[in-house]
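S.K.: What follows is a predicted structure for the sequence shown.
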Amino acid sequence: MVKLLWQSLLAVPAAVAVSGAAIAAESQPLQVGSFDQEPIQLAQITSVSELTDVLPSDWAFQALQSLVENYGCIQGYPDRTFRGQRALTRFEFAAGLNACLDVIATLIAQSGIDPEDLAAIRRLQQEFQAELATLRGRVDALEAETATLRAQQFSTTTKLRGEAVFNLITPFDTLAPETSTSVASRARLNFDTSFSGRDRLRIRLQAGDGNAITGGPGNPLGGLATAAGGGFNVDVTTFAYSFPLGNRINATVSARGNAGRDWVNPATRPFDGPSVANAGRVQFYDTFGSTSNGAGVGLNIAFTDNLILDLGYTASNPGGATNPAVGIAAARNQSYIAQLNLVNAGILNLAAAYLHSDGAAAGFAVPTATDTFAGLVNLNFGGFFIAGHGAFTSFTGGDDFSWTAGLGINNFLVEGARFGVYGGQLPTASLVNSNPFLVEGYWQVPVSRFLTITPALIYGDRGISGAADNSGFWGALRTTFQF
């Protein structure tokens, strides 16, 4: 009887430890996690059937069944789960071991230990001596590494993440003023702070220089997706705090850096991120929205796990003697957006957006008060996706229609790589020029956890009325370092 108890005890921690290690190996530290661990009150159970996440097909089921029903020395969480697919803490193991040792003590007091059972226990100790020593060594090494990380950590609440992007652009068919090979680069440092594990304060420092694929004055082709400022002047480009309001609403207050697309769900924009040209980010959010150097507030309301309403308002802050303060109501340059999203509903990712803007976007002579109505779709089949959007904008003296469409293939030739081709008619704020047109093909290849390279071919027609040459063809190579 005691032999069976010891065999079960050996099986259960092994099951939890192996599954927890597998999960830890697959996880990536991308989000700010919880920094405070709340005490857990375990609940005594009398039958393994009370554990809702333990199935007869689980490899440790019989061991659990024996410990629970024959010895009553296994406890579950208050929600009646065992959570066997997660790592076991030392406190949890100590609680379970103590309960089972109490059973052993009771058996000894009642009837003593049979010599055969005692011999079996000694054989088990000898058989697993090497494994137990290895486990102790790993725990000791983990504790030493944890102590080192705590002593050398940047902050107990803040995580520092960095990104450096280098773009090399060569025009094959020159279009003034981009007549020679050029380099554009951008560096970012994100300071992400969490006070409760569910909130995030982000402060972003950014510097960069250079741009390409612009189409000349006014940037009709949109430029590079990673273009940033000039002269490598370090600037605070994002200063925002996000926090939950209950379980279904998340709020964001921003002093700088959030406008247009920053307020809304990205699931319907699969080219946003991998694309080298800014057109892949869906330009109607930028062209007819206010600038992002002002104050704003946003709400993300999840009616269900799939149906989400995003709301955002931004008032720009140009600064200077004539407008030294951030405008909140009736600002000179402001925008607000509402977008209803249906995401991860099978293959469907759909969105309907409304964007209103007062004031001109940089580089465009946009009349006061524009209204944009847009629809976005991303059909994600797993191995590949088909996506696009259409946007209609009305403003004083005219209107505009823009669209993009394309497809992408995941794990193209290389595990983790993403290949995509998209093109379309970009927005124009001019009443005399036609819409620019752009097509891009890219291949984003992860070289390592920290390095990604993205070669791309881009064709653009800027559509400027009366220009001798409107089209250009570029080759680009983007290298991205992240840590």
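M.R.: Cool, got the structure. Numbers count the residues shown, from 1 in each chain.
S.K.: do you know how far the closest residue to Gly472 other than its chain neighbours is from Thr81?
M.R.: Leaving aside its sequence neighbours, Gly472 sits nearest to Leu175 (C-beta to C-beta, 6 or more residues apart in numbering; 3.1 Å). In short, each C-beta sits where N, CA and C put it, glycine included. Noted for Leu175: a distance of 61 Å to Thr81, by C-beta to C-beta, to the nearest Å.
S.K.: Check Thr372 too.
M.R.: 47 Å.
S.K.: quick one: which of these two has more around it?
M.R.: The residue with more neighbours, out of Thr372 and Thr81, is Thr372; 25 against 15, by other C-beta atoms under 10 Å.
S.K.: Show me what whichever strand or helix holds that one packs onto, helices and strands only.
M.R.: Following DSSP states H and E, one finds Thr372 within strand 370-380. For strand 370-380, the packing partners by 3 or more C-beta pairs under 8 Å, 6 or more residues apart in numbering; DSSP states H and E come out as strand 348-358, strand 384-395.
S.K.: Tabulate those (CSV), appending mean neighbour count.
M.R.: Formatted as CSV, the helices and strands packed on strand 370-380 follow (neighbours: other C-beta atoms under 10 Å):
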stretch, mean neighbour count
strand 348-358, 20
strand 384-395, 19
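S.K.: Any idea which of those strands gets closest to Ala277?
M.R.: Ranking these by proximity to Ala277 (C-beta to C-beta) places strand 384-395 first, at 15.3 Å.
S.K.: Sheet-wise, list the partners of the closest one with their directions.
M.R.: strand 370-380 (antiparallel), strand 398-410 (antiparallel) (DSSP bridges).
S.K.: chain center to that strand: distance?
M.R.: Mean-position distance between strand 384-395 and its chain equals 23 Å (C-alpha atoms, centre = their mean, to the nearest Å).
S.K.: and if you look at stretch 268-276?
M.R.: Counting by C-alpha atoms, centre = their mean, stretch 268-276 comes out at 13 Å from the chain centroid.
S.K.: contacts for it?
M.R.: 167, 213, 224-225, 261, 266, 280-282, 341, 343, 349-351, 376-378, 380, 385, 387, 389, 404, 406, 408, 418, 420, 422, 440, 442, 444, 454, 456, 458, 476, 478 (C-beta atoms under 8 Å, 6 or more residues apart in numbering).
S.K.: what's the span of it from first residue to last?
M.R.: End-to-end distance of stretch 268-276 (C-alpha to C-alpha, to the nearest Å): 18 Å.
S.K.: Tell me the buried residues in that stretch?
M.R.: By neighbour count on 16 or more other C-beta atoms under 10 Å, the buried set for stretch 268-276 is Thr268, Arg269, Pro270, Phe271, Asp272, Pro274, Ser275, Val276.
S.K.: got the residues you listed as JSON lines, with secondary structure, pLDDT and distance to Leu311 columns?
M.R.: Shown next, in JSON lines, are the buried residues of stretch 268-276 (DSSP: H, G, I helix; E, B strand; the rest coil; pLDDT from 0 to 100; distance: C-beta to C-beta, whole Å):
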{"residue": "Thr268", "secondary structure": "coil", "pLDDT": "95", "distance to Leu311": "16"}
{"residue": "Arg269", "secondary structure": "coil", "pLDDT": "95", "distance to Leu311": "18"}
{"residue": "Pro270", "secondary structure": "coil", "pLDDT": "95", "distance to Leu311": "23"}
{"residue": "Phe271", "secondary structure": "coil", "pLDDT": "96", "distance to Leu311": "24"}
{"residue": "Asp272", "secondary structure": "coil", "pLDDT": "94", "distance to Leu311": "20"}
{"residue": "Pro274", "secondary structure": "coil", "pLDDT": "95", "distance to Leu311": "27"}
{"residue": "Ser275", "secondary structure": "coil", "pLDDT": "96", "distance to Leu311": "26"}
{"residue": "Val276", "secondary structure": "coil", "pLDDT": "96", "distance to Leu311": "31"}
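S.K.: Right, I'll leave it there.
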